[in-house]
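1. Below is the sequence, then the predicted model.
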Amino acid sequence: MYYASLIFIHVLAAGVAVGGLAFCALILLPALESPPDEAIEKSARYKILSLLAPTVFACLLALIVTGMTYLSDAYTEQVNLKSGYYNLFGAKMLVVVGAFFLSLYQTFSLRGKILNLDLRPENREGLPAVLNKMASVGRLILGLITVAMFLGVWLARF
């Protein structure tokens, strides 16, 4: 039951991260290009990107914690694995680390530049560029998480 709960949380976090990113980055954000006369900090694009970054970061943290917990608890059961398992696992970990650090950058560096515009009005001029960069980083994170998910499915075959 414990392993089933870990796997459920792991898959749920992956689904939320990939589903949320895919919907926002590929469907919603292109449809919400704000008109030039609208204040950018009141746009839906601004609000979505400021909420999506911490959500994806939290999902990545949940993925890493549940994955490492499952790996450490079930390590003794993972004997006699097929050759190539650890090579594939290492590739998956590199992809996950890349996605984690990009999400960390997006959540704490880029998102910090768009928050509290009333306290830091000098950041208002660079707001469109930061939002575009956040959208680009979000698409890159989406690609990395998707690759990690496919590698995880492939690992499950071992």
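-> In hand now; what should we look at?
2. so where's this protein uncertain?
-> 31-40, 74-81, 118 (pLDDT under 70).
3. ok, now with 80
-> By pLDDT under 80, the low-scoring segments of the chain are 1-3, 24-47, 71-86, 116-125, 156-158.
4. which residue ranges form the helices in it?
-> 2-22, 29-31, 44-73, 85-105, 111-114, 127-156 (DSSP state H).
5. For R120, which of those helices is the nearest?
-> R120 sits nearest to helix 111-114 of all the helices of the chain, at 8.5 Å, using C-beta to C-beta. All C-beta spots, glycine's among them, are computed from the backbone N, C-alpha and C.
6. Show me what the closest one is in contact with.
-> 41, 46, 49-50, 53-54, 123, 126-127, 130-131, 134 (C-beta atoms under 8 Å, 6 or more residues apart in numbering).
7. What lies in contact with stretch 122-141?
-> Residues from elsewhere that reach stretch 122-141 (C-beta under 8 Å, 6+ apart): 21, 24-26, 29, 40-41, 45-46, 49, 52-53, 56, 99, 102-103, 105-106, 110-111, 113-114, 117.
8. Run the chain-centre distance for that stretch.
-> Centre-to-centre, stretch 122-141 and its host chain are 16 Å apart (C-alpha atoms, centre = their mean, to the nearest Å).
9. And that stretch, what's buried?
-> Across stretch 122-141, burial judged by 16 or more other C-beta atoms under 10 Å covers 123, 127, 130-131, 133-135, 137-141.
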